[in-house]
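*Asks:* Sequence first, predicted model second:
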Amino acid sequence: MNDTPTHRCPAWHCPRDVPDERLMCPLHWRLVPGPLQRAVNNAYYDPAAGVGSQALRAAQQAAIRAVNRTINPEEGQGA
């Protein structure tokens, strides 16, 4: 039995659960451009900000948008 807290991968239509300390499943994380991966990691491990910070939220949202545009190009269209 695994008691590690998890959440659903935020990539478009991904059914995988991932540990809370990870943003998304390994398959989709590999689709995140390197600079965005570094931004997420830097914000996550920043002792002055870290979890719950605006910098981390912004980096995570940018990474999720980038992956979702790759998976579903219509995601990047519109408003």
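*Replies:* Arrived safely. Residues are numbered from 1 along each chain as shown.
*Asks:* From here on, just use CA atoms for contacts and neighbour counts.
*Replies:* Noted.
*Asks:* and the most centrally placed residue in the chain, what does it touch?
*Replies:* With distances taken as CA atoms, centre = their mean, the residue of the chain nearest its centroid is Leu23 (3.9 Å). The neighbourhood of Leu23, defined by CA atoms under 8 Å, 6 or more residues apart in numbering, consists of 9-10, 29, 60.
*Asks:* Distance-wise, check Ala58 relative to Ile64.
*Replies:* 10 Å (CA to CA, to the nearest Å).
*Asks:* More neighbours: which of those two?
*Replies:* More neighbours surround Ile64 than the other of Ala58 and Ile64, with 23 against 14 (other CA atoms under 10 Å).
*Asks:* Quick one: residues contacting that one.
*Replies:* 10-11, 32.
*Asks:* With secondary structure added, can I get these in a markdown table?
*Replies:* Formatted as a markdown table, those follow (DSSP: H, G, I helix; E, B strand; the rest coil):
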| residue | secondary structure |
| --- | --- |
| Pro10 | coil |
| Ala11 | coil |
| Val32 | coil |
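*Asks:* List only buried entries from those residues.
*Replies:* Among those, those buried by neighbour count (16 or more other CA atoms under 10 Å) are 10-11, 32.
*Asks:* Now the helix or strand hosting Ala55: buried residues?
*Replies:* Per DSSP states H and E, Ala55 falls inside helix 54-71. When neighbours are counted by 16+ other CA under 10 Å, the buried residues of helix 54-71 are found to be 55-57, 59-70.
*Asks:* Tell me, what's the model's pLDDT at Asp20?
*Replies:* For Asp20, the pLDDT comes out at 91.
*Asks:* Name the nearest residue to it, sequence neighbours excluded.
*Replies:* Using CA to CA, 6 or more residues apart in numbering and skipping the chain neighbours, the partner closest in space to Asp20 is Thr6 (4.8 Å).
*Asks:* All good on my end, thank you.
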